[in-house]
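Colleague: below is the sequence, then the predicted model.
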Amino acid sequence: DRAGRRASAVQYVKRKLSRNPVDWLKSRFQSVEKYVFTDKTEINFPHSRRSSKRFMRSANVPPDCEGSPVLVTKLDFITKPLVAFIRLREAQYFDDIMEYVPVRFLFVVIGPKSDEVDYHEVGRSIATIMSNKEFQYKMYSANSKEEVLEGLNMFLDDSIVLPPGEYGADHILPKGLQKSIRKRRKQAAEIDEDKRVRYPAVGFTSVLKKGSDPLSRTGQFFGGLRRDLVTLKRRYASDFKDGLNVMTLESVLLMFGLMLAPAITFGGLLGKHTKKDYGVIEMLISTCFGGLLFSLLTGQPLTVFSCTGPIYVFEVHLSHFCHYDYVHFDFLQWRAWIGCWIFLFFTLFSFLELGFLIHYFTRFTEEIVALMVSLIFLYEAGYDIWAVFKENPISNTNLNSTVSGYCKHSRKVLPKDHQGCPNTALFSLLLMLGTFSVSYVMKKLRRSHYLRQRLRSVMSGIGITIAMVTMTVIANLTTSIYTEPLVMPDTFKPTNYKRESWFIDMLDTSYTSIPIPQLAVAAVVPAFLVSVLIIMESHLTGVLVNSPKHRLVKGSSPNWDTLIMGFILLGCSLLGLPWLCADSVRTMTHIKTLTVYSKYSAPGEKPRVLYIHEQRLTIILVHLLVGLFLLFPEVIQSIPLAVLLGVFLYLGFWSLSGLQFVKRFQMLFMSSKYFPDYTFTRKVRTSKIHMFTIIQLFMCALMFGIKLSPGSPLFPICVIGVAIIRRYGLNRLFNPTEMKELDRGESESEEDSDHE
């Protein structure tokens, strides 16, 4: 009968497979489809052993990948198809079926000869399913038929079935559907990640487990600080051992060029806008010793500690406030008292575990602050170059011979009674635009097709330094035109010639019109404001560093880092040095230079992050190299001030180009059918998108107006106000779905962007 014939067929197959499975399968099967699956694609292997080796090398097949042969045939003594799915406990080599690749899974499909079904196509379909990454993960851990069927359903959810017809590429798989499928796959890949078995085809040596949120509260006094110290103790020794590799040296060279140029730029312009209360030498000392101390003690050594745009803006505004006619504060003395209060606020913030408050500062607030800083950079560059034109009129011909000769042959500062130098304004403008152009071209080089990829990345990273060196050489070769140089002492002494010591006398009353106790009390408000600004920027940088996509395993210590920053800022205040902060832009670049990507990927697919060299040698060496420039003041003095204005122009322009706000602002003047394909454009109404953008624009205009007023040091209050409005005001204008899409931390369309 039928059941008996089926049982005899099964016994026959089992008997043959138990004796010599390979020879029997090769002799009986019509077709042997050979497939190798990885996390990226499937590869058809040639039959020749010699060509197979050559193909494996050229196709970048991972050396530890595993195979899944699909075997299909028809037999004349069975009446119903038989399908067997075999998973071996350990991968085994079957050279006669699959050369050089161990077999982990085996599909056997046997059908009757009388059946009209094309079982060859069935085998191809099964091989296609096995090439799906989510299905592979599921099959590694499946323990029953139901789990196998669940994996098939997952695959079918992402499959597109089209009836016969003519279709264009956009109709087959639109961009929106592609992103939706990619998002669903990403979410499925993150489910029960800690419980998954290791996937050998990816090449990982271990599974990176997700740790707890380092900003979460323990509910105990000093609880977060004790937790951070345990993390630091566990990782400290390995941070030095893991830095002994070639990638560390490459990262040092790149980060040195990336940190030196902004340090000189911020230092030079701080000297100009603070009436030389401090300048380049103070900035180099602060970057060297402050950054070195932070990199030695921090719990997250991937973080770069340097001067940033918001801190520069606050210091300039604070200096302007102290130099108003109706205010008689000594800037450095008042700043020293501010530093004492900063240390107190940072200590309380660390002890009370207030890091969770950073979640109130969302993308809405970050973009407004970044937009305002970018506009200030552009404004300062334009205002300073206009001042050069005002001091050196192009049509000025009323020059006596002494001043004219001084302009032609001297690189030093002109006398105070000079009437300007011919061509100085135009040449300064050319230097500024040249610096901006070279920096911009170097940044764009990263995504071009010239040179090798590694060389493009290095040149793009140090593009600002290349631009500064190029324009400085041109300026020094053009000796017939005077340009204002940077001011830096020839010896190791403060920029302000009135200072006799590096230490600030906090009790000196000769430069202050109010009693010292009142001066100390008056420092509370600016200290609180700058504390909010620094803590916000530092913790937001920490959130970016600890993103799951970076696969960090050693953890971080945000509360301990806050306490260390308080000590460093106190020292900078007492020594009259510029304040420093965690720099998110250079931190992300630092991480990229230490990231190891997978070498094996299909054409068109981006390599995956395998791991990051979590070490502290890189940033230690970088800060030491920056400090070496203190020994060469003549090099700093040869840099024209116009070159620094070009760097400011570039920083402002490039920061704007990376904001989602700019894209949404452009959409205000576009028809909805021409909107870019972002998630929020598909899920949020156009009127709501425009309302969100206009609110941000109004907030930024308000903060920029405060910047131009005498109350400019109070702009951090606006940052707090913006966070409160976002938390409690916008929820009345937007529903939760709209708010989530418009204010998400990182949109899908930007995940693959390499903008820095």
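Modeller: That came in fine, so what should we check first?

Colleague: following the helix or strand hosting Leu258, which helix or strand comes up?
Modeller: In the assignment (DSSP states H and E), Leu258 maps to helix 246-273. With elements assigned by DSSP H and E, the helix or strand that comes after helix 246-273 is helix 280-285.

Colleague: helices or strands up against the next helix or strand after that next one?
Modeller: Using DSSP H and E, the helix or strand that directly follows helix 280-285 along the chain is helix 291-297. Applying 3 or more C-beta pairs under 8 Å, 6 or more residues apart in numbering; DSSP states H and E, we find helix 291-297 packed against strand 305-306, helix 558-575, helix 617-628. All C-beta spots, glycine's among them, are computed from the backbone N, C-alpha and C.

Colleague: can you do 10 Å?
Modeller: Other helices and strands packing on helix 291-297, by 3 or more C-beta pairs under 10 Å, 6 or more residues apart in numbering; DSSP states H and E, are helix 223-241, strand 305-306, helix 558-575, helix 617-628.

Colleague: which of the ones you listed sits most buried?
Modeller: Mean neighbours per residue, mean count of other C-beta atoms under 10 Å, is largest over the helices and strands packed on helix 291-297 for strand 305-306, with a mean of 28.

Colleague: next helix or strand past it?
Modeller: Next along the chain after strand 305-306, taking DSSP H and E as the criterion, comes helix 309-322.

Colleague: residues in contact with the closest residue in space to Phe240 that isn't next to it in sequence?
Modeller: Nearest non-adjacent residue to Phe240, counting by C-beta to C-beta, 6 or more residues apart in numbering: Leu617, 6.3 Å away. Leu617 makes contacts with 239-245, 248-249, 251-252, 295, 301, as judged by C-beta atoms under 10 Å, 6 or more residues apart in numbering.

Colleague: and if we set it to 8 Å?
Modeller: By C-beta atoms under 8 Å, 6 or more residues apart in numbering, Leu617 lies in contact with Asp239, Phe240, Gly243, Leu244, Thr248.

Colleague: flag the shaky bits of the stretch 51-200 of the chain, pLDDT-wise.
Modeller: Where the stretch 51-200 of the chain drops to pLDDT under 70, the residues are 51-64, 99-100, 115, 160-200.

Colleague: hmm, Tyr650 is touching Val441, no?
Modeller: No - applying C-beta atoms under 8 Å, one finds Tyr650 not in contact with Val441, separated by 10.6 Å.

Colleague: part of a helix, is Thr303?
Modeller: No - with DSSP: H, G, I helix; E, B strand; the rest coil as the criterion, Thr303 is located in coil rather than a helix.

Colleague: can you count the residues close to it?
Modeller: Neighbourhood size, Thr303 [other C-beta atoms under 10 Å]: 24.

Colleague: hmm, it is touching Asp561, no?
Modeller: Yes - using C-beta under 8 Å, Thr303 makes contact with Asp561 at a distance of 7.4 Å.

Colleague: what do those two both touch?
Modeller: Common neighbours of Thr303 and Asp561 (C-beta under 8 Å, 6+ apart) are Phe294, Ser538, Gly542.

Colleague: now the first one. Nearest residue, chain neighbours left out?
Modeller: With C-beta to C-beta, 6+ apart as the criterion, Phe294 has its nearest non-adjacent residue at 4.2 Å, and that residue is Phe305.

Colleague: bridged to the one you found, which residues?
Modeller: Beta-bridge pairing for Phe305 (DSSP bridges): Ala582.

Colleague: what is the burial count for the nearest residue to Asn546 once chain neighbours are set aside?
Modeller: In this structure, Asn546 finds its nearest non-sequential neighbour in Ser556, 5.6 Å apart by C-beta to C-beta, 6+ apart. Residues lying near Ser556 (other C-beta under 10 Å) number 26.

Colleague: look at the most centrally placed residue in the chain and give its secondary structure.
Modeller: The centroid of the chain falls nearest to Met588 when counting by C-alpha atoms, centre = their mean (3.6 Å). Here Met588 takes the helix state, with states given by three-state DSSP.

Colleague: pull up the gap between it and Leu533, please.
Modeller: 20 Å (C-beta to C-beta, to the nearest Å).

Colleague: again, but for Tyr236
Modeller: Here the distance between Tyr236 and Leu533 works out to 29 Å (C-beta to C-beta).

Colleague: and Ala582, by the same measure?
Modeller: Taken as C-beta to C-beta, the span from Ala582 to Leu533 is 12 Å.

Colleague: among these two, which residue is more densely surrounded?
Modeller: More neighbours surround Ala582 than the other of Ala582 and Leu533, with 26 against 22 (other C-beta under 10 Å).

Colleague: may I have the residues that are in contact with that one?
Modeller: Thr303, Val304, Phe305, Thr308, Glu537, Ser538, Thr541, Gly542, Met565.

Colleague: and it, how far from Ile534?
Modeller: 8 Å.

Colleague: what is in contact with these two at once?
Modeller: Met565.

Colleague: can you redo the contacts of Ala582 as TSV with pLDDT?
Modeller: Compiled in TSV, these are given as follows (pLDDT from 0 to 100):
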residue	pLDDT
Thr303	91
Val304	90
Phe305	90
Thr308	86
Glu537	88
Ser538	89
Thr541	87
Gly542	86
Met565	93
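
Colleague: which two among these are spaced furthest apart?
Modeller: Taking C-beta to C-beta, the two most distant members of those are Thr308 and Gly542; they sit 14.2 Å apart.
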